[in-house]
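> Below is the structure, and that's it, no one-letter string:
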């Protein structure tokens with residue numbers, strides 16, 4: 001059976017306290033005091049100042065474990081808050097999808113969250129994450145669609161728990177992951193089609209790597225992202241995936257999925273040559289983090305059920321050092337595991 005993750009329990013308890021404090025509240029039956037969507041906006045007991053809202057987003061970016069650094073120390077200071085704001089929006093949206101008691105409650109809260117998000121365009125949101133995000137949206141003229149695509153993917157998680165084919169899953173990734181890269185390119189004022197395609201490859205690779213890493217966690221929520229077309233060649237059944245026992249069939253299937261995720265990083269590595277140097281280092285860190293977690297899965301003999309693979313702070317520091325050297329030398333080389341697998 002999957003191991004118990006005490007950090008996950010702690011993070012959930014913290015989020016639920018913050019949700020009670022700041023909302024979004026669930027939609028209520030229509031009353032005259034409510035807005036046209038029938039949603040009772042949650043008004044904090046004390047509205048945070050703009051500075052406090054910015055610090056709130058930074059806190060979320062700093063406290064959450066990720067396979068990559070959200071905004072490294074090498075990122076110019078004038079852009080760090082933008083990264084924090086976008087990440088905090090993604091984290092709150094993800095938590096609304098994953099940390100509530102029922103899919104029905106998640107859908108209601110996500111609907112309320114979407115209504116509050118739209119206030120970022122010409123309105124006055126009160127939630128600290130959205131208040132700070134509004135500044136980024138205005139400064140960089142970010143369109144609403146990437147954010148709405150992300151929300152749509154989180155809503156889909158409440159109703160779709162199985163995928164038949166890899167093509168179906170990739171359609172999901174186009175909304176669950178790729179919009180983040182699109183937003184970062186917009187912040188960097190990068191608009192080339194080639195950069196967009198490479199960014200999409202990296203973002204999809206990160207999403208697939210996360211699916212591989214979290215197979216046990218997702219199964220506890222009755223979610224199986226591995227498409228059925230991947231199960232069948234390896235003799236894997238739905239019962240095996242939900243049981244959480246590391247069988248030979250599951251390991252073989254996961255090995256194939258890890259290789260597929262790796263191919264997206266190989267194809268998307270060129271993104272580091274398509275963006276300004278200040279952004280290239282952080283994008284390189286994203287790729288290095290994704291490749292490193294795939295390597296960690298291999299080192300565990302493709303057993304993500306007995307122990308969830310993660311990267312230690314020391315490992316992340318090593319990745320930062322490697323990316324920094326590439327910046328200093330003005331020559332960005334792929335991670336060794338990416339190069340070695342390319343030569344096969």
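Looks like it arrived, so ask away. Just so it is clear, the structure is predicted and the values come from calculations on it, not from any experiment.
> Report the contact partners of the residue lying closest to residue 145 once chain neighbours are set aside.
Excluding its sequence neighbours, the residue lying closest to residue 145 (C-beta to C-beta, 6 or more residues apart in numbering) is residue 179, at 7.9 Å. Backbone N, C-alpha and C define where each C-beta goes, glycine included. Residues in contact with residue 179 (C-beta atoms under 8 Å, 6 or more residues apart in numbering) are 145-147, 149-150.
> Would you reformat those residues as a markdown table and include neighbour count and pLDDT?
Listed next are these as a markdown table, based on neighbours: other C-beta atoms under 10 Å; pLDDT from 0 to 100:
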| residue | neighbour count | pLDDT |
| --- | --- | --- |
| 145 | 11 | 98 |
| 146 | 19 | 98 |
| 147 | 24 | 98 |
| 149 | 17 | 98 |
| 150 | 23 | 97 |
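> before we move on, which element is the residue nearest to residue 145 in?
In the assignment (DSSP states H and E), residue 179 maps to helix 178-187.
> Please compute how far that helix lies from its chain's middle.
Counting by C-alpha atoms, centre = their mean, to the nearest Å, helix 178-187 is centred 12 Å from the centre of its parent chain.
> Also stretch 112-131?
Centroid separation for stretch 112-131 versus its chain: 20 Å, with C-alpha atoms, centre = their mean.
> Need the distance between the two termini of that stretch.
Start to finish, the residues bounding stretch 112-131 are 15 Å apart (C-alpha to C-alpha, to the nearest Å).
> quick one: the helices in the stretch 201-344 of the chain?
215-220, 228-231, 238-243, 248-268, 277-299, 313-329, 336-342 (DSSP state H, counting those that start in this stretch).
> Pull the residues that contact the second one.
Helix 228-231 is touched from outside by 162-166, 236-238, 241, 253, 256-257, with contacts defined as C-beta under 8 Å, 6+ apart.
> one more time with 10 Å
Contacts to helix 228-231, defined as C-beta atoms under 10 Å, 6 or more residues apart in numbering, come from residues 162-169, 224, 236-238, 240-241, 249-250, 253-254, 256-257, 260.
> Return the members of those residues classed as buried.
163, 166, 169, 224, 236, 240-241, 249-250, 253-254, 257 (16 or more other C-beta atoms under 10 Å).
> any chance of those residues in TSV, plus pLDDT and distance to residue 210?
Output for the buried ones among the contacts of helix 228-231, formatted as TSV (pLDDT from 0 to 100; distance: C-beta to C-beta, whole Å):
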residue	pLDDT	distance to residue 210
163	98	15
166	96	16
169	98	12
224	97	14
236	97	19
240	96	21
241	96	16
249	97	22
250	97	17
253	98	17
254	98	13
257	98	12
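> Save those residues as CSV, and put in distance to residue 278 too.
Listed next are the buried ones among the contacts of helix 228-231 as CSV, based on distance: C-beta to C-beta, whole Å:
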residue, distance to residue 278
163, 37
166, 35
169, 33
224, 39
236, 44
240, 46
241, 42
249, 46
250, 42
253, 40
254, 36
257, 33
